[in-house]
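1. fold the following and give me the result.
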Amino acid sequence: MADIKITADSFKKINGDQSENQEKISAPSLTFFQDAIRRLRKDKVAVVSFFVLIFIMIVAFAAPILSPRDPNAQNPDYANLPPRIANTDIPGFRGRIKNSAGIVTNPYETNNVPKNRTYVLGTDYLGRDLFSRILYGTRLSLIIAFIATLVDLIIGLPYGIVSGWKGGTVDIILQRIIEIISSVPNLIVAILLLLILKPGLTSIILAIAFSSWVTMARLIRAQTLQLKEQEYILASITIGESPLRIARKHLIPNLSSTIIIQTMFSIPSAIFFEAFLSFIGIGIPAPNASLGTLLSDGQKAFRFLPYQMWYPALVLCILMIAFNLFADGLRDAFDPKSE
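-> Sure, this is the predicted structure:
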């Protein structure tokens, strides 16, 4: 077998620019949150859910501007009017409805309602504008959910950090307290609080927040137990940084993904729990409207006036589905193993 001789001509000189280009990283340098946002944008369902939630929130909190009438103003002469939009022939918005005998009637003509006076989503049994009440009811339900979730965060975050960081006897005592609170059904706690306090916004928020922080505290504790064994945490302890400074600079930033995801799951849970309490009659007192009170009023005449229940139920379903889909998208976006 002949020997192969390697000479200078066997090598090809590479210019300096080419070697530098080969050493460059083709992917852009992204922070953890920038990478999470990039992955979230790829989830079309989560993005659509996000914009749906933004739209509902803008419309709900703009209720004083968008509402055509006072949501609590009663007009018995215009009670139980079906949905009607002027100068349109859209099915379901013609102002007609079937009575108990199955005959199609026009309550607008029967009650001598002026032609220029329309109710987009109809009226309830007291003649109150259902569209206005849904706007204000959605806003009230969102306010309750946001405040209850904020209380959940204020209690659950430090509780979980202290329990996970201290460990030992402190952790055992704090976890036994959580187990005691978890063993009591939320409905019983809500009923007891509503019996002690005056029914209203404050009592509903306290009833929801009383036990909802437990899940947040457990998740934060579990993450803290893992983080406090990391090298940068041990280095911070070695150089003498205080636990408060370590929590502020290291623990909370690294717990942010867990906090955001759990918060997004807590909001729809709070909305549904408030709707449930109001539906069974121990929630928001009359005449104020929430999604739960609207469902409670609508189900009483659902057989003959289904629109009074369908529209608030539709808003509640959209809120629950959109929040949960967006939370699922956030969970996948903050998980590096999802790709």
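2. what's near enough to touch Ser296?
-> 278-281 (C-beta atoms under 8 Å, 6 or more residues apart in numbering). Yep, even glycine has a C-beta here, placed from its N, CA and C like the rest.
3. tell me which element it falls in.
-> Under the criterion of DSSP states H and E, Ser296 resides in helix 291-300.
4. do Thr138 as well
-> With DSSP H and E as the criterion, the answer for Thr138 is helix 130-166.
5. after that helix, next one along is what?
-> Note on helix 130-166: by DSSP H and E, the next helix or strand toward the C-terminus is helix 168-183.
6. just the buried residues of that following helix, please?
-> If you call a residue buried by 16 or more other C-beta atoms under 10 Å, then helix 168-183 has these buried ones: 171, 174, 178.
7. right, and the helix or strand after it?
-> Heading C-terminal from helix 168-183 (DSSP H and E), you reach helix 186-196.
8. with adjacent residues omitted, what lies nearest to Lys300?
-> What sits nearest to Lys300 in space, not counting adjacent residues and going by C-beta to C-beta, 6 or more residues apart in numbering, is Tyr125, at 7.8 Å.
9. show me where pLDDT drops low in the stretch 101-250 of the chain?
-> 101-102 (pLDDT under 70).
10. just read off the phi/psi values of Glu229.
-> Dihedral pair for Glu229: phi -100, psi 0, per degrees, to the nearest 10.
11. picking up where we left off before, counting contacts, what elements does the helix holding Thr138 pack onto?
-> Judged by 3 or more C-beta pairs under 8 Å, 6 or more residues apart in numbering; DSSP states H and E, helix 130-166 is in contact with helix 44-61, helix 63-66, helix 168-183, helix 201-227, helix 252-279, helix 291-300, helix 307-333.
12. give me whichever of these is most buried.
-> Of all these, helix 291-300 has the most neighbours on average by mean count of other C-beta atoms under 10 Å, namely a mean of 22.
13. hmm, back to that, how far is the helix holding Ser296 from where the chain is centred?
-> Mean-position distance between helix 291-300 and its chain equals 21 Å (C-alpha atoms, centre = their mean, to the nearest Å).
14. so which of the helices and strands packed on helix 130-166 comes closest to Gly160?
-> Between Gly160 and the helices and strands packed on helix 130-166, the tightest spacing by C-beta to C-beta is seen for helix 201-227, at 2.7 Å.
15. check which helices and strands that closest one sits against.
-> Helix 201-227 packs on helix 130-166, helix 168-183, helix 186-196, helix 252-279, going by 3+ C-beta pairs under 8 Å, 6+ apart.
16. save those as JSON lines, and put in distance to Gly240 too.
-> JSON lines is the format used below for those (distance: least, C-beta to C-beta, whole Å):
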{"stretch": "helix 130-166", "distance to Gly240": "16"}
{"stretch": "helix 168-183", "distance to Gly240": "21"}
{"stretch": "helix 186-196", "distance to Gly240": "43"}
{"stretch": "helix 252-279", "distance to Gly240": "20"}
